[in-house]
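1. Give me coordinates for this.
(one chain, ligands or ions: 3)
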Amino acid sequence: MIGVVDQTGGGSYRVRLEDGLVVEASLRGRLKLGGAKKDRIVIGDRVSLEQLDDGWAIERVEQRTSELVKWSRGKRVHRVLAANLDRAFMVVAAKDPQANPELVDRLLLLGESSRIKPTLVINKIDLPGAGEVAEPLKNLYQSIGYLVLPVSAIAEVGVGRLEEELCSGISTLIGPSGVGKSSLLNAIDPKLELRTGELSRKGGTGRHTTVNARIISLSCGGFVADTPGFGDIAFAGIPPSELGHCFPEFRDHLALCRFRGCSHVSEPDCGVQAAVEKGVIPTTRFRSYLKAHSEAADLSSYG
Ligand SMILES: Nc1nc2c(ncn2[C@@H]2O[C@H](COP(=O)(O)OP(=O)(O)OP(=O)(O)O)[C@@H](O)[C@H]2O)c(=O)[nH]1
Ligand SMILES: [Mg+2]
Ligand SMILES: [Zn+2]
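-> Ligands and ions are numbered 1, 2, ... in the order given. Sure, this is the predicted structure:
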């Protein structure tokens, strides 16, 4: 039997079988590899199971098509949060808290470097002055080729379109705290009753923090991975030479660099730097590239 891991925690795994049945499963002894991180089973993993007298056992984990990775700042260690995600919806707010290109670039780079197709969602467009923030962001990222969805969870603007996008495959919503990720999912599927900032403040219990990662199934048929937050996005472990390919609008210019292995930072006759000078590549994007590059390159000094 084949299934997808739906929830992890406490040494037990909830698995959604191909026929839709959800079962609790444990690991076969030989799969328990002493907690070695890279062998950890995460949500989204496709597994084969066997039914035993006393329940289900995971026998094998299939090769992953993608990994959502959280790097720690300045270190080589990383954690795989989810496997085999089809899409990542990078959520920011036009206001409260106000998005900027630097934040958006970090979120998009997280998706690109994890090989999970990112889409930009700009929430809270109902707030006064939101248009002045949302419009330029939308134009910038659309011109690069990204799908951009301006939405409002409260005013229910654009929520139907977001729902359509979420209704196939496994997706995830990633973004800073308070931008409205839970509110958007509640707007799409009120049955979820996810806790939002306001409610948790009223209850005086502080913010809801996801302890165990899980996959939520939407009534429309899609799945959304709910993973612990990305308050701090770091790029320490990305090979610097891969970064240029994570900026889609750089790709056409990479071949024009004089040097093989050009880092596009200070080499002469660099296709990327030339495109920035001509205004073909936006300066904010190039600045984000340089920042990520210095963070990624930093790692080499750790040996
Ligand atoms: N004006 C306005 N407020 C919104 C909108 N969406 C969410 N909010 C408010 O923003 C606050 C945070 O929303 P949440 O949905 O909890 O945000 P989150 O992204 O899930 O935050 P974390 O779970 O902490 O990561 C709440 O007070 C919501 O009511 C929106 O479209 N417009
Ligand atoms: Mg939330
Ligand atoms: Zn170059």
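
2. Where does pLDDT dip in the stretch 51-200 of the chain?
-> Within the stretch 51-200 of the chain, the ranges that satisfy pLDDT under 70 run 74-75, 198-200.

3. Would you mind naming what in it lies close to ligand 2?
-> Lys181, Ser182 (CB under 5 Å from the ion). Quick note: C-beta positions are derived from backbone N, CA and C, even for glycine.

4. can you map out the helices along the stretch 51-200 of the chain?
-> 101-113, 130-144, 159-166, 181-188, 197-203 (DSSP state H, counting those that start in this stretch).

5. what angle do the longest one and helix 101-113 make?
-> Just to be clear, that refers to helix 130-144. Per axes from the mean of the first three to the mean of the last three CA atoms, to 10 degrees, the angle that helix 130-144 makes with helix 101-113 is 40 degrees.

6. let's have the chain start at 3 instead
-> In the new count, where the first residue is 3, that last one comes out as helix 132-146.

7. just how off-centre is helix 132-146 within its chain?
-> Relative to the centre of its chain, helix 132-146 is centred 20 Å away, using CA atoms, centre = their mean, to the nearest Å.

8. Quick check: buried residues in it?
-> Within helix 132-146, the residues that count as buried by 16 or more other CB atoms under 10 Å are Ala132, Val135, Ala136, Leu139, Lys140, Leu142, Tyr143, Ile146.

9. Can I get that helix in PDB, CA atoms only?
-> Output of helix 132-146 as PDB, limited to C-alpha atoms (Å, rounded to 0.1, in the frame of the first residue of the first chain):
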ATOM      1  CA  ALA A 132      -2.400  49.200   0.500                       C
ATOM      2  CA  GLY A 133      -2.600  49.800  -3.300                       C
ATOM      3  CA  GLU A 134       0.500  52.000  -3.200                       C
ATOM      4  CA  VAL A 135       2.400  49.100  -1.900                       C
ATOM      5  CA  ALA A 136       0.700  46.200  -3.700                       C
ATOM      6  CA  GLU A 137       0.700  47.700  -7.200                       C
ATOM      7  CA  PRO A 138       4.400  48.300  -7.600                       C
ATOM      8  CA  LEU A 139       5.200  44.900  -6.100                       C
ATOM      9  CA  LYS A 140       2.700  43.200  -8.400                       C
ATOM     10  CA  ASN A 141       4.200  44.900 -11.500                       C
ATOM     11  CA  LEU A 142       7.700  44.100 -10.500                       C
ATOM     12  CA  TYR A 143       7.200  40.400  -9.900                       C
ATOM     13  CA  GLN A 144       4.800  39.900 -12.800                       C
ATOM     14  CA  SER A 145       7.400  41.400 -15.100                       C
ATOM     15  CA  ILE A 146       9.800  38.700 -13.900                       C
END
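
10. I'd like to know which elements that helix is packed against.
-> Counting contacts by 3 or more CB pairs under 8 Å, 6 or more residues apart in numbering; DSSP states H and E, helix 132-146 is packed against helix 103-115, strand 119-125, strand 150-152.

11. Which of these sits closest to Glu244?
-> Nearest to Glu244, of all the helices and strands packed on helix 132-146, is helix 103-115, at 7.0 Å by CB to CB.

12. CA atoms only for the closest one, dumped as CSV, please.
-> Output of helix 103-115 as CSV, limited to C-alpha atoms (Å, rounded to 0.1, in the frame of the first residue of the first chain):
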residue,chain,number,x,y,z
PRO,A,103,11.0,43.8,-2.3
GLU,A,104,13.8,42.5,0.0
LEU,A,105,11.4,40.3,2.0
VAL,A,106,9.7,39.1,-1.2
ASP,A,107,13.0,38.2,-2.8
ARG,A,108,14.0,36.2,0.2
LEU,A,109,10.7,34.3,0.1
LEU,A,110,11.0,33.6,-3.6
LEU,A,111,14.6,32.5,-3.3
LEU,A,112,13.5,30.1,-0.6
GLY,A,113,11.1,28.5,-3.0
GLU,A,114,13.4,28.5,-6.0
SER,A,115,16.3,27.0,-4.1
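
13. And ligand 1, is that helix touching that?
-> No - shown here: helix 103-115 not in contact with ligand 1 (CB under 6 Å from any ligand atom), separated by at least 12.5 Å.

14. Can you give the distance from that helix to the centre of its chain?
-> On CA atoms, centre = their mean, the centre of helix 103-115 falls 9 Å from the chain's centre.

15. Which positions in it come out as buried?
-> For helix 103-115, a neighbour-count test (16+ other CB under 10 Å) marks Pro103, Leu105, Val106, Asp107, Arg108, Leu109, Leu110, Leu111, Leu112, Gly113, Glu114, Ser115 as buried.
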